[in-house]
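**Student:** how would this look folded up:
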Amino acid sequence: MKMKKNSFFKKVFAVVAALLLLGVSNAYAQEERNLLGLAMSKDGWKGDILEPTAIFPDKQMIKAQLGDLSPQMREDIRAKGELAKEYNWPVIPVSSYLDFVRTGDRTRMQGFRNERVGHLKQLVLAELAAQEGEYIDAIIDGTWAICEQSTWAMSAHLTIQKYGSGVPDINDPIIDLGVGEVANLLSWVYFYFRSELESVSPLLALRIEQEISERVIEPYLAREDFWWMGFESSFVNNWNPWCNYNVLMSAIMVERDKEKQLAILEKTALSVDKFINYYKTDGACEEGPAYWDHAAGKMIEYLDLLSSITAGELDISQEEIIRNMGNYIRFTHIGEEYYVNFADASAKISAHPGIIYRYGEYIDDPALKGFAAAIVEDSSKKSWIIDGSLDRALHNVALADQLTSYPPYREKEALVYYPDTQVMAARTEGGLFLAAKGGHNNESHNHNDVGSFILYYNTQPIFLDIGVETYSAKTFSKDRYSIWTMQSDYHNLPQVNGQSQLNGAEYKAAISTLSEGKRRVDYSIDIAPAYPADAHVEQWIRTYSLFTGRDYLVIQDSYELDQQLSPNQLNFMCAYAPDLSQPNKVLIPLPDGSIAALILPEGQFEVAVEEKILTDGQLLKAWSQEKLYKLSLTERKPELKGSWELELKMVKP
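**Tutor:** Residues are numbered from 1 along each chain as shown. Just a heads-up that it's a prediction; the model follows:
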């Protein structure tokens, strides 16, 4: 595997090093770039919006594109369409919404909702492929059933209602991810089948217009207090581009009032500016690669649509931050389905090649497009074209030939550093991969993990980040940090004086510095401020030193306490059972027969291993095994001031 140095790192590290020498802190203030607002204020922008028929394929073209799919995929579309024809569109029980209030469970309600949305998607694809009218009645049934729902919002998101969670309030239409996705789906039904609906009854197409107007267009224009818009809050996340994309798509496809269309376009652009402003210049996704698809990926869907409907007048594709945000998914790829994961991100993700390719197209980046092509070529899953939402599927069908014929790009960066977000990743020539982070404990989808790291060897996890369990009401409540996966003790971090890290922006890395030698990378973080006052820690410098030519890692801790109350303990989360049979050494066998040998300072630590049984479906899916292991090294002779080095060497079979 070829590796190269990241040119972005070279530019930005020089700047950061200079700032550190001048004593400038790592504190970050949101940058008011307002790229879309500036683009709209230019003299060339006249407010013209193209019709959707000018930018999307007509029915004959989409039929031809679907006809170019493999025989197996065409049969899959037909078979799923036939199955969906038999669906009887049961009502979503109100008790399933109440589950979230009563037990914190959101899965039953979402199961009903996903069935409805999924079946309607399959009916639309099947009819577009055949275009013989055999699925039209079923499409009408599905469309009507969804229009009859009291809300399109998810049960977990009804907290936005004035009455709060529980029973949906038809008099208080809110816009969340669920509302946007359903509106998008019905917009495609309207776009492709409006004439068929009207031939049955004009009321059918009018019903779609009415529901999208009342549930999406009017609330969006009337309100600025939905938190995800960013108008009344400095915090935004993936909800922002995701909701704004679906709102704009619905307005373009269904809304007939041109003044309202333009108002939606302008307001969504100003809202998406808040999302771009929230990002740091390095382009790293706080929510991790697993969320990139719904963060930067949704942003590029929005920006691509905006550029298309304005004939390229509103285009920010060459802005540095937009380019950096796109390449984050490529730079954080470890190998196979593994990506750098911190916070709520899962270690394994099925990246969506279609949206990665579209991002590469938007910013004109051959490497990013080639990365998408490599994902397609390396994956045994060929159904990516029609997976996901109907919107994604239709876009994928349109670009499938182009993507599958594009030259794959597999070159990996030897070193990547995101100085604003404080995340680094480096790999050796032999396959040892390290990623580590500084940051703070109030990041989006936060875990208490300042200073943590992950380590892989040839795409096999040695020390891992667990990820997150299936979301429940507790996940986003005041009790979030009572969940074990959120706690620093279950990350690759020390417990200091018996104390674990706490959540909050004030619990952060004091310094975060990276230096690169000829065949060595050192990343140092002072993690002391991430711990409470009861830890009595003045300084705790953790340094990761990766020797790029030797498959060799050194972890160094150097600390100072003002009181010594309890032995410090180093914790490491392992995928495979550590072998403690040899003194001052921990052996971690990997599936390919190689062994990660962690060499300890002689006599300095008591070593123990705790089995962690996995019962949660999300974690079982992520790790494909029923247990993980927590390796703990506890100081034998605690002192006020100390240091040590742990060496990790790879022993090949």
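
**Student:** For the protein, give me the ranges with low pLDDT.
**Tutor:** For the chain, the stretches with pLDDT under 70 are 1-29.

**Student:** mind giving me the domain ranges of this protein?
**Tutor:** Here the domain parsing of the chain from automatic domain parsing is 3-26+413-651, 35-404.

**Student:** Need these in TSV (columns: mean neighbour count).
**Tutor:** Backbone N, C-alpha and C define where each C-beta goes, glycine included. Shown next, in TSV, are the domains of the chain (neighbours: other C-beta atoms under 10 Å):
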stretch	mean neighbour count
domain 3-26+413-651	18
domain 35-404	19
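
**Student:** From residue 628, how far out is residue 610?
**Tutor:** From residue 610 over to residue 628 the distance is 9 Å, taken as C-beta to C-beta, to the nearest Å.

**Student:** again with residue 588
**Tutor:** Taking C-beta to C-beta, one finds residue 588 at 12 Å from residue 628.

**Student:** list the residues that contact both of these two?
**Tutor:** By C-beta atoms under 8 Å, 6 or more residues apart in numbering, residue 588 and residue 628 have these common neighbours: residue 574.

**Student:** and residue 158, helix, strand or coil?
**Tutor:** helix (DSSP: H, G, I helix; E, B strand; the rest coil).

**Student:** mind listing what it touches?
**Tutor:** Contacts of residue 158 by C-beta under 8 Å, 6+ apart are 97, 100, 151, 164, 165, 166, 168, 174.

**Student:** One more: residue 392?
**Tutor:** Taking C-beta under 8 Å, 6+ apart, one finds 352, 354, 355 in contact with residue 392.

**Student:** Return the subset of the residues you listed lying in helices.
**Tutor:** Among the contacts of residue 392, the members found in helices (DSSP state H) are 354, 355.

**Student:** Export the contacts of residue 392 as TSV, with columns for distance to residue 511.
**Tutor:** Formatted as TSV, the contacts of residue 392 follow (distance: C-beta to C-beta, whole Å):
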residue	distance to residue 511
352	37
354	40
355	36
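
**Student:** now, among the contacts of residue 392, which is nearest to residue 456?
**Tutor:** residue 352 (22.3 Å; C-beta to C-beta).

**Student:** Roughly how far does the residue nearest to that closest one when sequence neighbours are not counted sit from residue 88?
**Tutor:** Once flanking residues are discounted, residue 352 sits nearest to residue 293: 5.4 Å by C-beta to C-beta, 6 or more residues apart in numbering. To residue 88, residue 293 is 33 Å away according to C-beta to C-beta.

**Student:** Residue 107 too?
**Tutor:** 21 Å.

**Student:** ditto for residue 294
**Tutor:** 31 Å.

**Student:** again with residue 192
**Tutor:** Taking C-beta to C-beta, one finds residue 192 at 24 Å from residue 88.

**Student:** same thing with residue 507?
**Tutor:** For residue 507, the distance to residue 88 - C-beta to C-beta - is 52 Å.

**Student:** got the contact list for the residue nearest to residue 352?
**Tutor:** 329, 349, 351, 352, 355.

**Student:** for the stretch 1-150 of the chain, what spans make up the strands?
**Tutor:** Using DSSP state E, counting those that start in this stretch, the strands of the stretch 1-150 of the chain run over residues 3-5.

**Student:** I should have written the stretch 201-350 of the chain there, sorry.
**Tutor:** Using DSSP E, counting those that start in this stretch, strands in the stretch 201-350 of the chain cover 333-335, 338-339.

**Student:** Output those strands in CSV; the columns should cover distance to residue 115.
**Tutor:** As requested, the strands of the stretch 201-350 of the chain are exported to CSV (distance: least, C-beta to C-beta, whole Å):
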stretch, distance to residue 115
strand 333-335, 33
strand 338-339, 30
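
**Student:** Which one of the ones you listed lies nearest to residue 257?
**Tutor:** Short answer: strand 338-339, nearest of the strands of the stretch 201-350 of the chain by C-beta to C-beta, at 43.1 Å.

**Student:** Run the chain-centre distance for the closest one.
**Tutor:** Averaging C-alpha positions (C-alpha atoms, centre = their mean, to the nearest Å) puts strand 338-339 12 Å from its chain's average.

**Student:** what about residue 538, distance to residue 572?
**Tutor:** Residue 538 is 24 Å from residue 572, by C-beta to C-beta.

**Student:** quick one on the thing from earlier: give the single residue among the contacts of residue 392 positioned nearest to residue 592.
**Tutor:** Nearest to residue 592 out of those is residue 352 (C-beta to C-beta; 28.5 Å).

**Student:** ok, so what distance separates that closest one from residue 598?
**Tutor:** 36 Å.

**Student:** hang on, the earlier thing: farthest pair in the contacts of residue 158?
**Tutor:** Maximum distance among those (C-beta to C-beta): 14.5 Å, for 100 and 174.

**Student:** Now for the residue nearest in space to the middle of the chain: which residues touch it?
**Tutor:** Nearest residue to the geometric centre of the chain (C-alpha atoms, centre = their mean): residue 291, 0.4 Å. Residue 291 makes contact with 237, 238, 285, 344, 345, 445, according to C-beta under 8 Å, 6+ apart.

**Student:** Pull the distance from stretch 39-50 to the chain's centre.
**Tutor:** Here stretch 39-50 is found 32 Å from its chain centre; the criterion is C-alpha atoms, centre = their mean.

**Student:** Pull it out as PDB, backbone CA atoms only.
**Tutor:** Only the C-alpha atoms of stretch 39-50 are listed here, as PDB (Å, rounded to 0.1, in the frame of the first residue of the first chain):
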ATOM      1  CA  ALA A  39     -22.500  34.300  -2.700                       C
ATOM      2  CA  MET A  40     -26.100  35.500  -2.600                       C
ATOM      3  CA  SER A  41     -25.000  39.100  -2.100                       C
ATOM      4  CA  LYS A  42     -22.900  39.200  -5.200                       C
ATOM      5  CA  ASP A  43     -24.200  41.300  -8.200                       C
ATOM      6  CA  GLY A  44     -24.400  38.200 -10.400                       C
ATOM      7  CA  TRP A  45     -27.100  36.500  -8.300                       C
ATOM      8  CA  LYS A  46     -30.500  37.500  -9.600                       C
ATOM      9  CA  GLY A  47     -32.600  35.000  -7.700                       C
ATOM     10  CA  ASP A  48     -33.500  32.800 -10.700                       C
ATOM     11  CA  ILE A  49     -34.400  29.200  -9.900                       C
ATOM     12  CA  LEU A  50     -34.500  26.500 -12.500                       C
END
